[in-house]
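Novice: fold the following and give me the result.
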Amino acid sequence: MTDATPSLFDSARTGRLVRLRTLNILRWVAIAGQIAAIAAGQRLFDLQIELGLAAMAIGGSIIVNVVFAFVFPESKRLNEREATAVLVFDTVQLGFLLGVTGGLDNPFALLIVAPVTVAATALSMGATLVIGTVAVAIVTLIAWVHLPLVTTSGVTIAPPMMLALGHWVAILTAIGFVGLYTRQVSAEIQSMRQGLLATQMALAREQKLTDLGGVVAAAAHELGTPLATIKLVSSEMLDDLDPGSDMAEDAALIRDQADRCRDILRSMGRAGKDDLHLRQALISAVVVEAADPHQGRGKDIVLTTGKPGTLPDEQPMVLRRPEVIHGLRNLIQNAVDFAATTVWVETCWTDTALTLRVIDDGTGYPPHLLGRIGDPFLRRGRKAERDTRRPEYEGMGLGLFIAKTLLERTGAELNFANGANPYTGEPHPGEPSGAIVAVRWPRGPGGIEAAERTPALGENLRFDD
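Specialist: Below is the predicted model of the structure:
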């Protein structure tokens, strides 16, 4: 079974790999643009450009590209250190070319931001800071040390000092802002992608368990008659044999083992029988199934369905979908982990909505994280912290993200709140004043509710029916 552990999504373990071919293509585009800009400056604007120094800078990029093309295969992927070195080279090459073509007076000086943007998109924060620092140092250097732009008539093109200073500040601001903004967006996209991967893995696991239970139940159903026959024959043999003989002991052993096989198959197929009852069930049955793995973990789980005295026929019949069971199970698990003594699971409904609330008597959600609950890889602080109440988890918020994503796929709307106001950070044993999760489904066609009510136990059907 797939193991969706946090280490699977650790970027330090998986590595940030960048295709060398992609960087080479970008460098060829930059080389073509640099050659075109120098040609236009000479032909159209009559600028005196040190072609030797410019050719040295552009030639360096061409040599690097050619060497990479012949030495490494097209499928080569650079690790973070290699990609950082390549982008540092691109930054230095561009800075040198700008330095011999006017420095910051060159209108293309803003392109120094490009390597920083690439690093912020594909690499870690540390690598981005390295490349950003190199870019800032080069921009500051060529602002004071550069070859000026001079026309063929000897006129030096230089903006006023105030404008040059403003241009320098603007480029540094662009490096910082674009780098941080791109890095933040890239990190959120990566985090969401990993969270969705974890969600798909969790749903696939739940679906496999459901399918496996159906297979086991079918096997139990088909093997019921042969096991009953074995038990009957062995019992008749036992009656005809002398008590205490070896044959009698063998017959008794066969009968006992037949009973054992029957009990094993019955227990394995208890939750997987592929009949109409398991394709749709009363909402109370679905909640009981979701809460069952967390019974007996030292916390009381109180299940309430409708108003007191509500009859089973009055309960909504819902589709028993893996998304619903796994999502509710995650919510209940989170409540049990952080509850002091008790968890309440309340289900109620109206003509328009079906609502389920999971409440505990723990400390509740930290107020500064309340608006971000449901985001994947949510940290309580800058560093991952392990909570003593659940030492096996790092507290990344991945479980709530999976639950939220799976339940929203079924049309649910989730709200997170605290039962105590103001927030004290202290548990409330025996009082439903901790964390509250409200799950609301609209009733009607296309939702979680079954289109038609079927008898409690439907007819067993073959899988291909």
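
Novice: residues near residue 239, how many?
Specialist: Applying other CB atoms under 10 Å, we find 10 other residues in the vicinity of residue 239. Placement of C-beta: from N, CA and C, glycine included.

Novice: that should have said residue 251, apologies.
Specialist: The tally of other residues near residue 251 (other CB under 10 Å) stands at 20.

Novice: shouldn't it be in contact with residue 238?
Specialist: Yes: the criterion here is CB atoms under 8 Å, and residue 251 meets it with residue 238 at 4.4 Å.

Novice: residue 254 touches residue 234, doesn't it?
Specialist: Yes: using CB under 8 Å, residue 254 makes contact with residue 234 at a distance of 4.3 Å.

Novice: which of those two has more neighbours?
Specialist: Neighbours were counted for residue 254 and for residue 234 using other CB under 10 Å; residue 234 has more, 20 against 17.

Novice: I figured that one hits residue 255, correct?
Specialist: Yes: counting by CB under 8 Å, residue 255 is a contact partner of residue 234 at 4.0 Å.

Novice: state the phi and psi torsions of residue 345.
Specialist: phi -120, psi 110 (degrees, to the nearest 10).

Novice: for residue 39, see how far away it is.
Specialist: Relative to residue 39, residue 345 is positioned 73 Å away (CB to CB, to the nearest Å).

Novice: more neighbours, the two?
Specialist: residue 345 (23 against 11).

Novice: read off the pLDDT value for that one.
Specialist: At residue 345, the model reports a pLDDT of 94.

Novice: same question for residue 58.
Specialist: pLDDT, residue 58: 90.

Novice: do residue 465 as well
Specialist: 43.

Novice: what do you get for residue 360?
Specialist: So residue 360 comes in at 93 (pLDDT).

Novice: hang on, it packs against residue 339?
Specialist: Yes: under the criterion of CB under 8 Å, residue 360 makes contact with residue 339 at 3.7 Å.

Novice: so what sits against both of the two?
Specialist: residue 434 (CB atoms under 8 Å, 6 or more residues apart in numbering).

Novice: the two - which one has more neighbours?
Specialist: Higher neighbour count among residue 360 and residue 339: residue 360, with 30 against 26, using other CB under 10 Å.

Novice: for that one, list each beta-bridge partner.
Specialist: residue 343 (DSSP bridges).

Novice: over to residue 317?
Specialist: residue 282.

Novice: give me the below-cutoff pLDDT ranges for the stretch 251-400 of the chain.
Specialist: Applying pLDDT under 70 to the stretch 251-400 of the chain flags residues 266-278, 309-310, 312, 376-398.

Novice: buried set for the helix or strand hosting residue 29?
Specialist: Following DSSP states H and E, one finds residue 29 within helix 20-43. Neighbour-count burial for helix 20-43 flags 20-21, 23-24, 27, 30-31, 34, 37-38, 41 (criterion: 16 or more other CB atoms under 10 Å).

Novice: repeat that for stretch 245-258.
Specialist: So for stretch 245-258, counting by 16+ other CB under 10 Å, buried means 248, 251-252, 254-255, 258.

Novice: for residue 331, give me its contacts.
Specialist: Residue 331 makes contacts with 358, 400, 403, 437, 439, as judged by CB under 8 Å, 6+ apart.

Novice: er, residue 98 I mean
Specialist: By CB under 8 Å, 6+ apart, the contact list for residue 98 reads 104, 106, 108-109, 112, 142, 146.

Novice: out of those, which comes closest to residue 290?
Specialist: Here the nearest of these to residue 290, counting by CB to CB, is residue 112; it sits at 55.3 Å.

Novice: pretty sure that closest one contacts residue 137?
Specialist: No: contact criterion CB under 8 Å: residue 112 and residue 137 do not qualify, at 10.8 Å.

Novice: what about these two, which has more around it?
Specialist: residue 112 (24 against 13).
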